[in-house]
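[1] Sequence and computational prediction follow.
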Amino acid sequence: MNGPQAALAPLDDADRKLVDGVLARQLRPLAKTITLIESQRAEHKVRAQAVLEALLPHTGGAMRVGISGVPGVGKSTFIEALGLYLIEQGLRVAVLAVDPSSSLTGGSILGDKTRMELLSQRTEAYIRPSPSAGSLGGVAEKTRETLLVCEAAGFDVIIVETVGVGQSETAVANMTDIFCLLQLPNAGDDLQGIKKGIMELADLVVVNKADIDLAATTRAQAQLKTALHMLRPASPNWSPPVLTLSALKKEGVAEFWRTVCDYRATMEKSGEFEARRRHQAQAWMWDLIDAELRSRFRRHPQVRAALGGLTAAVERGETTPSAAAQRLLQHLN
Ligand code: GDP
C-alpha cells in the first residue's frame, strides 16, 4: 500500500485487545495502554505507536483544558471541584499532568491521585500522574499521547495540569485548546513576579481563594486585567477574561466552565479552534523530528569522537562556535 498509511505497523492480538478495550471505555485496557506508551523499551515504543495509530481515528472529541499555577495556588482543589461539577453535568473527565520536577528528580510537585480523593473515586473520572522518566520534552510527549488515548476512550473533558515553573507551561499550552492560569489574590501586588511569557499563553486567568479576602481578590482581578490589556491577545476575537473563584467553597466553578464553553464557541466560529489543533499537530511532528535528529547526532560515532575536543576548543576560544558546529554537522552528510 502506498501513501501515508504504508508505515502502519500491524497490531498483534494482545494489542488489538488493548485497542478494543480502550474504545469500549474500559479502564484497565486504558491504563495498560498508557503504561505501554510511557515505557522506555524499544519494542514497547513500536507497539505503542501501532496502538496509537489504530486509536487515532477515534480521537479529537474532547475539550482539552490546560491548567497552571504555582504550587499552593489550589490547582488540585480546583480540578477536583471542576471534575465533580462536570460529572454532575453528565460528562466524563480525565486529569493528566506534566510535572517537570518528576522527570528531573524523581520526586513530584504535583503528587499523585490522593490529592483528588473524591474525584479519583468516581468511575466517570480517570486521574493519571505525570510520567516520571525522561526529559521535560519526553514527559510532555507522553502526556500528549496519553491525551489522545483518553479521547479514544470517550472522555469529554481532558484536563492537563502543570506547575507554574519552568517551560512545562508552554508544553501544556501547546497540547490544549484553552490554557488557564490560576493566580493568588496577592498576585496583583507583585505583577513583576508574574512572568510575562506565561501571561501571554493564558486564554483565561482565574484568581483563586476569593473567600479569604474579597477586597484583595477584586484588586488582583483589576490589576491582572490591566496587565493583560497591555499584551497583544493571541486571537483578535478573544480577550482573556479574569475570573475569581473559591475552589475550596466550590464558588465560581460553573462560571468558569461557562467561560470555557464561550471560548470554544467563539474559536469554533472563527475557525481558530481547528486551526490551533492543526498547528499543534504540525509543531508536535517537528518537535519529534528535532529531538530525533539531536539524539542521532549525539549518537553518531564520529561526532562522539570529535565532540569533546571541539567543545574544549570553543571554550578556550581557539575556534568559533560556528566553525565547530559546521565541522560536527559535516559528519551527518
Ligand atoms: P496546588 O499545589 O496548586 O495543587 O494547591 P492545592 O489544591 O493543594 O491547595 C493548596 C492549599 O490551598 C490547600 O490547603 C487547599 O485547601 C487551599 N485552597 C485551595 N483552594 C482554596 C480556596 O479557594 N480558598 C481557600 N481558603 N483555600 C484554598
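    Received it, and whenever you're ready, just let me know what you need.
[2] which residues of the stretch 1-150 of the chain fall in strands?
    63-69, 93-98, 125-127 (DSSP state E, counting those that start in this stretch).
[3] What number of residues are in the vicinity of residue 66?
    The number of residues packed near residue 66 is 26, by other C-beta atoms under 10 Å. For glycine as for every other residue, the C-beta is placed from the backbone atoms N, C-alpha and C.
[4] List the beta-bridge partners for it.
    Assessed by DSSP bridges, residue 66 has beta-bridge partners residue 160, residue 179.
[5] For it, list the residues it contacts.
    159, 160, 161, 162, 169, 172, 173, 175, 176, 178, 179, 180 (C-beta atoms under 8 Å, 6 or more residues apart in numbering).
[6] which residues touch the fourth one?
    Going back to what we said before, that points to residue 162. By C-beta under 8 Å, 6+ apart, the residues touching residue 162 are 66, 67, 68, 97, 98, 99, 100, 110, 168, 169, 171, 172.
[7] Now name the helix or strand holding it.
    For residue 162, the host element (DSSP states H and E) is strand 157-163.
[8] cool, and the fifth one?
    Assigned by DSSP H and E, residue 169 belongs to helix 168-173.
[9] rewinding a little: how far off centre is the strand holding residue 162?
    From the chain centre to the centre of strand 157-163 is a distance of 6 Å (C-alpha atoms, centre = their mean, to the nearest Å).
[10] That strand close to the ligand?
    No: shown here: strand 157-163 not in contact with the ligand (C-beta under 6 Å from any ligand atom), separated by at least 7.7 Å.
[11] mean confidence for that strand?
    Mean per-residue pLDDT for strand 157-163: 94.
[12] between that strand and strand 63-69, what angle do the directions make?
    With axes from the mean of the first three to the mean of the last three C-alpha atoms, to 10 degrees applied, the angle from strand 157-163 to strand 63-69 works out at 20 degrees.
[13] in stretch 242-260, what's buried?
    Of the residues in stretch 242-260, 242-247, 250, 252-253, 256-257, 259-260 count as buried by neighbour count, 16 or more other C-beta atoms under 10 Å.
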